[in-house]
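Q: Kindly return the folded structure for what I paste below:
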Amino acid sequence: MRILRFFMGNSHSGSDMSVIVGAGQFIAQRVTRRITYYYTSRTPGGDTPSPPTISPTSSHLDAPFPSPSYSLSTPLLPDLPSHHDVSSIPTHSALDVPSLSPSSPSYSPRPLLLLFPWLGARPGAMVKYRDLYLERGLDILSVESTVWHFLWPRWGLEYGAEVLELLDDPRFKGRPLLVHTFSIGGYTFTQLLSQMVREPHKYPGLAQRVVGHVYDSLVVGSLEHMATGLGKTLFPRMEPLVRYTALLYFWLFKSQTVHYYDNSVQVFYNSPVTAPALFFFCENDALCDPVAMEAVLDFWRKRGVAVENRKWKESVHAAHLRCHPEDYLSTLENFFHSLNIAPLRAKM
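A: Model prediction:
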């Protein structure tokens, strides 16, 4: 039953339901079945929901990153993404989300983080990353991936178009964007990039709205790496069988899979997003060829992209924060300092 639920995804959409999270400080609003919007629910010292905007004088990001006093659960388990970390207190619906008009003198768009979790990410693990951004004044649009977005790339492209259309929603349009992807989340984000390249007239200026992007455990390398990633992520105990089955599948449906993957690689290499980037990876990751990863970094640097990276000799795929908490947080903090956007550029 768990396997069936994993492949089919959530059976309910809950697109009009919001719940309070983070001790009442934030609201989680299900936008679609796999996309959730997190935003600040209270004004400083107040009890009413605040608009999804932020003033330049806000001090949400002035505080340093917290000392790592927690541990994360192992992420590479086929547990269906859900929201058990949120309370069941219903609040206002999507139509009730307050907003300010861009013509208002006090209007200043609150930065929006596009968060792309790894496949089957557990809520207890993602909440640590989520809170890092929420507590610093960013709203979050969490975009979950399914295995079918990868196995049948056309569906992944359709999903990418769905996310891009959502970014044109009045709640999100015109807001500065940050991107943080994990593992297969990097592939899903690449599908957004592919759509932007295919139809640039539909998304004018969107690439320029991205002020920074972070890639944690990007799956890079051959089809073997992709097949290995599926096995280790979906059914670790049957990883060899899943890997060989995936390779057979890629061969049988080459025109519907491999050709799309090759195009996605080229799109990522020549990404329309040229904002500063940060990569986290390790040498012992079976899902990431470190030589191929270094080639991506060198290529981007030659294109003029400001690229930073933190590589470990030994770590765990999509669990670098758990394995190297202080190093991970300090690297992320320094990257934030380099971004020329308020309030991220404020001293922490």
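
Q: need the contact list for residue 180.
A: Each residue near residue 180 by CB atoms under 8 Å, 6 or more residues apart in numbering is listed here: 113-116, 129, 133, 213-214, 216. (C-beta placed from N, C-alpha, C; glycine too.)

Q: distance between stretch 326-336 and the chain's centre?
A: Computed by CA atoms, centre = their mean, to the nearest Å, the separation of stretch 326-336 from the middle of its chain amounts to 17 Å.

Q: circling back: and the contacts of residue 180, which are buried?
A: 113-116, 129, 133, 213-214, 216 (16 or more other CB atoms under 10 Å).

Q: that older thread, from the contacts of residue 180, which has minimum pLDDT?
A: Minimum pLDDT across the contacts of residue 180 is recorded for residue 133, with 91.

Q: right, and that residue touches residue 142 too?
A: No. Residue 133 sits out of contact with residue 142 when judged by CB atoms under 8 Å, with a separation of 10.4 Å.

Q: where exactly do the helices run in the chain?
A: Along the chain, the stretches classed as helices by DSSP state H are 2-8, 123-134, 147-151, 153-166, 184-198, 206-209, 223-234, 239-252, 258-269, 290-302, 320-323, 325-338.

Q: Pick the most deeply packed of the ones you listed.
A: Of all the helices of the chain, helix 184-198 carries the top mean neighbour count, a mean of 23, counting by mean count of other CB atoms under 10 Å.

Q: That one vs helix 258-269, what angle?
A: Interaxial angle, helix 184-198 versus helix 258-269 (axes from the mean of the first three to the mean of the last three CA atoms, to 10 degrees): 80 degrees.

Q: Please save the CA atoms from helix 184-198 in CSV.
A: Coordinates of each C-alpha in helix 184-198 appear next as CSV, following Å, rounded to 0.1, in the frame of the first residue of the first chain:
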residue,chain,number,x,y,z
ILE,A,184,15.6,15.4,-8.0
GLY,A,185,14.3,18.9,-7.1
GLY,A,186,17.2,20.2,-9.3
TYR,A,187,15.7,18.2,-12.2
THR,A,188,12.2,19.7,-11.5
PHE,A,189,13.6,23.2,-11.5
THR,A,190,15.4,22.4,-14.8
GLN,A,191,12.0,21.7,-16.3
LEU,A,192,11.0,25.2,-15.4
LEU,A,193,14.1,26.5,-17.1
SER,A,194,13.3,24.3,-20.2
GLN,A,195,9.9,25.9,-20.5
MET,A,196,11.4,29.4,-20.1
VAL,A,197,13.8,28.6,-22.9
ARG,A,198,11.1,27.1,-25.1
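
Q: re earlier: report the two of the contacts of residue 180 separated the most.
A: Spatially, the most separated pair among the contacts of residue 180 is 129 and 213, at 14.4 Å (CB to CB).

Q: thinking again about what came up before, which member of the buried ones among the contacts of residue 180 is positioned nearest residue 330?
A: Checking those against residue 330 with CB to CB, the nearest one is residue 214 at 14.0 Å.

Q: what pLDDT does residue 147 get?
A: 89.

Q: Would you mind measuring from residue 152 to residue 261?
A: Residue 152 sits 12 Å away from residue 261, going by CB to CB, to the nearest Å.

Q: likewise residue 323?
A: Applying CB to CB, the value for residue 323 to residue 261 is 29 Å.

Q: quick one: common contacting residues for residue 133 and residue 142?
A: Shared contacts of residue 133 and residue 142, counting by CB under 8 Å, 6+ apart, come down to residue 115.
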